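I need the structure of the sequence given here:
(one chain, ligands or ions: 1)
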Amino acid sequence: MTEMAPRGPAILFEDVSLTLGRTTILSDVSLRVQAGRIHGLIGPNGGGKSSLIRCLLGRAPHGGRIGIEWPAKAGIVGYVPQALDFDRGLPMTVMDFMAAIVTSRPAFLSPKASTKQVILGALAQVGMQDRAYRRMGALSGGERQRVMLAQALMPAPDLVVLDEPMAALDREGAAVFEQVILDLRRKGVTIFWVEHDLDAVRRLADEVTGLSRTVLFGGSPDHVLTSEQVLNLFSHRAGALS
Ligand SMILES: Nc1ncnc2c1ncn2[C@@H]1O[C@H](COP(=O)(O)OP(=O)(O)OP(=O)(O)O)[C@@H](O)[C@H]1O
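Model prediction:
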């Protein structure tokens, strides 16, 4: 449970729809993400989870309404995209990559000298401080995923949006990830998290939404993740008219 007043926003999705070409990707999607909570989003491949995140981030031309209700002024959003594939020959170090990302963020005002310290601090949070001067292209998939998580922590976010952040993580990486998101929740950050690992969702999420083109269920994991609902969600054909 949240131990501080939430500094993150609530998010209200009202009748959100998305049609690309002739394909209906999302239809009548309504759900509320509570401020300062971990909200899991689950569903079958192609069910529209990443698309809903694109709508939230203003990257897809959706219908309906998405309201981000900040407690005071608009805060900082950290985003971890689905696993990226880098060219193995990419000559950029982890430090260069992080610096390029972070200094392009308007909210990031640190002078150059302290940028390095901020980056090392974020890398330490994900157990990657000793890889700071490795080439990005030389990292394993799980190490890359940890770097992507670290970049979402700079500057300190109020809302974190995660698209399958655990996909490439081994057991140790998954433990680091769990620690990071529990720390964020303790600070009152709102976390909206797409995940396939239902055990992780059961363990960590306060609320979960099952999405397959539309919302099939929502509530606390203990209540809604019954075998019947899970089976129904993952056998639901996202494209079918229901
Ligand atoms: N730019 C696009 N143009 C047309 N169709 C698209 C586009 N982007 C995604 N889609 C389709 O939208 C549907 C939903 O995709 P999306 O990536 O949102 O699903 P997802 O639930 O995140 O899936 P996964 O679990 O496999 O990551 C898929 O059928 C996909 O093919």
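
pull the CA atoms of the helix or strand hosting Phe217 into CSV?
Using DSSP states H and E, Phe217 falls within strand 214-219. What follows is strand 214-219 as a C-alpha-only set of coordinates in CSV (Å, rounded to 0.1, in the frame of the first residue of the first chain):
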residue,chain,number,x,y,z
THR,A,214,-12.1,-3.9,-24.9
VAL,A,215,-12.0,-4.3,-21.2
LEU,A,216,-13.1,-7.8,-20.1
PHE,A,217,-12.5,-7.3,-16.4
GLY,A,218,-10.9,-5.1,-13.8
GLY,A,219,-10.3,-5.1,-10.1
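
What residues of that strand count as buried?
Neighbour-count burial for strand 214-219 flags 214-218 (criterion: 16 or more other Cβ atoms under 10 Å). For the C-beta atoms, the positions are set from N, CA and C on the backbone; glycine is no exception.

quick one: the helices in this protein?
In the chain, the segments counted as helices under DSSP state H are 49-56, 94-103, 112-125, 141-151, 171-186, 198-204, 221-224, 227-235.

Let's have those helices in TSV, adding distance to the ligand, mean pLDDT and mean neighbour count.
Formatted as TSV, these follow (distance: least, Cβ to the nearest ligand atom, whole Å; pLDDT from 0 to 100; neighbours: other Cβ atoms under 10 Å):
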stretch	distance to the ligand	mean pLDDT	mean neighbour count
helix 49-56	3	97	22
helix 94-103	23	88	18
helix 112-125	26	88	16
helix 141-151	15	93	22
helix 171-186	18	95	16
helix 198-204	13	96	15
helix 221-224	18	97	14
helix 227-235	11	95	12
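
Which residues does the residue nearest in space to the middle of the chain form beta bridges with?
The centre of the chain sits closest to Leu162, judged by Cα atoms, centre = their mean, with a distance of 0.9 Å. Under the criterion DSSP bridges, Leu162 forms beta bridges with Val80, Trp193.

now stretch 46-62: how far from the chain's centre is it?
12 Å (Cα atoms, centre = their mean, to the nearest Å).

Make JSON lines out of the buried residues of strand 214-219 and add distance to the ligand.
What follows is those, written out as JSON lines (distance: Cβ to the nearest ligand atom, whole Å):
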{"residue": "Thr214", "distance to the ligand": "12"}
{"residue": "Val215", "distance to the ligand": "13"}
{"residue": "Leu216", "distance to the ligand": "13"}
{"residue": "Phe217", "distance to the ligand": "16"}
{"residue": "Gly218", "distance to the ligand": "16"}
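
Can you add distance to Val80 and give those residues back as TSV?
Shown next, in TSV, are the buried residues of strand 214-219 (distance: Cβ to Cβ, whole Å):
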residue	distance to Val80
Thr214	25
Val215	23
Leu216	25
Phe217	25
Gly218	22
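
mind listing what Leu52 touches?
Listed by Cβ atoms under 8 Å, 6 or more residues apart in numbering, the contact partners of Leu52 are 13, 16, 18, 26, 29, 41, 211.

give me that answer again for 7 Å
16, 26, 29, 41, 211 (Cβ atoms under 7 Å, 6 or more residues apart in numbering).

Ok, Glu143 next?
Here Glu143 is in contact with 128, 131 (Cβ under 7 Å, 6+ apart).

what's the answer for the one 10 residues further on, then?
Residues in contact with Leu153, defined by Cβ under 7 Å, 6+ apart, are 78, 122, 125.

so what's the closest residue to Gln229 other than its chain neighbours bridging to?
Spatial nearest neighbour of Gln229, excluding adjacent residues (Cβ to Cβ, 6 or more residues apart in numbering): Phe217 at 5.4 Å. Note on Phe217: beta-bridge partners by DSSP bridges are Gly210.

Quick check: closest non-adjacent residue to Val201.
Gly40 (4.0 Å).

these two touch, right, Gly141 and Ala168?
Yes - with contact defined as Cβ atoms under 7 Å, Gly141 counts as touching Ala168 (3.6 Å).
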